[in-house]
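>>> pasting the structure only:
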């Protein structure tokens, strides 16, 4: 789904009616701004997605971080230390026990830190049935002792991420950024003006990246940018 609509943008601009040239220009600029917002906020997802991730098992931690956030739910996690990220190597024998009302000893639990949604902003999954997610030991030819190392992609995680509806702040940020680009597409608006011996100065055109990182737009997106979450 798109993060904004042409009608929503026109309402934000206070324009009405149909102008094919104007509407085409607004639509094209909004696509650029939407792409810039997604780049800026990645890995945060504003659209609902189902992701299948093949991940390394952190040997020194009980926490596994999923690639996309926010995580709404986990469908399944398979663990096979000899899978190497090959889909066919994950079978029902490797399925970990998920948390449920009738399960007393699940293998993992999703950290839910977004309320009232009950989602995971961090995307962290804790291993419960063992100290770490996975570890293997290897002895290099030049050493006498074995040492721990990361298991290469023993985990297959299927999970639901992203929002089911686009957050209002995100749509407004895209509309605001598009407006900045539209108003400055030909060197407007005015930045200075003189009356005696008239002179005027005009701002240069905005790129989509510059528009979405302008202070007002950036503030609307700040709670979705990694490391800048408001209130954390």
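Good, I have the coordinates. These numbers come from a predicted model, not from an experiment.
>>> what's the burial count for residue 131?
10 (other C-beta atoms under 10 Å). To be clear about C-beta, it is placed using only N, CA and C from the backbone, and glycine gets the same treatment.
>>> quick check, it in a helix?
No. Counting by DSSP: H, G, I helix; E, B strand; the rest coil, residue 131 is not part of a helix but coil.
>>> next secondary structure element downstream of the helix or strand of the chain with the lowest mean pLDDT?
Every helix and strand of the chain was ranked by mean pLDDT, DSSP states H and E. The lowest is strand 199-202, at a mean of 50. Toward the C-terminus, strand 199-202 is succeeded by helix 208-212 as the next helix or strand (DSSP states H and E).
>>> contacts for that next one next, please.
29, 32-33, 35-37, 39-40, 173, 177-178, 180-181, 217-218, 221 (C-beta atoms under 8 Å, 6 or more residues apart in numbering).
>>> show me the beta-bridge partners of the residue positioned nearest the centre of the chain.
What sits nearest the mean C-alpha location of the chain, by C-alpha atoms, centre = their mean, is residue 44, with 1.6 Å. Applying DSSP bridges to residue 44 yields these beta-bridge partners: residue 69.
>>> just the buried residues of the contacts of helix 208-212.
In those, burial by neighbour count holds for 29, 32-33, 36-37, 40, 173, 177-178, 180-181, 217-218, 221, counting by 16 or more other C-beta atoms under 10 Å.
>>> hmm, back to that, restricted to helices, list the contacts of helix 208-212.
The members of the contacts of helix 208-212 that map onto helices under DSSP state H are 29, 32-33, 35-37, 39-40, 173, 177-178, 180-181, 217-218, 221.
>>> list the buried residues for the longest strand anywhere in the chain?
The longest strand of the chain (DSSP state E) is strand 151-161. Buried residues in strand 151-161, counted by 16+ other C-beta under 10 Å: 151, 152, 153, 154, 155, 156, 157, 159, 160, 161.
>>> can you check stretch 62-81 too?
So, applying 16+ other C-beta under 10 Å, buried residues of stretch 62-81: 64-66, 68-72, 74, 77-80.
>>> returning to that earlier point: kindly indicate which of the ones in helices among the contacts of helix 208-212 lies nearest residue 137.
Using C-beta to C-beta, residue 39 comes nearest to residue 137 of the ones in helices among the contacts of helix 208-212, at 39.8 Å.
>>> distance of the residue nearest to that closest one when sequence neighbours are not counted from residue 110?
Excluding the flanking residues, the one nearest residue 39 by C-beta to C-beta, 6 or more residues apart in numbering is residue 209, at 7.9 Å. Taking C-beta to C-beta, to the nearest Å as the measure, residue 209 falls 33 Å from residue 110.
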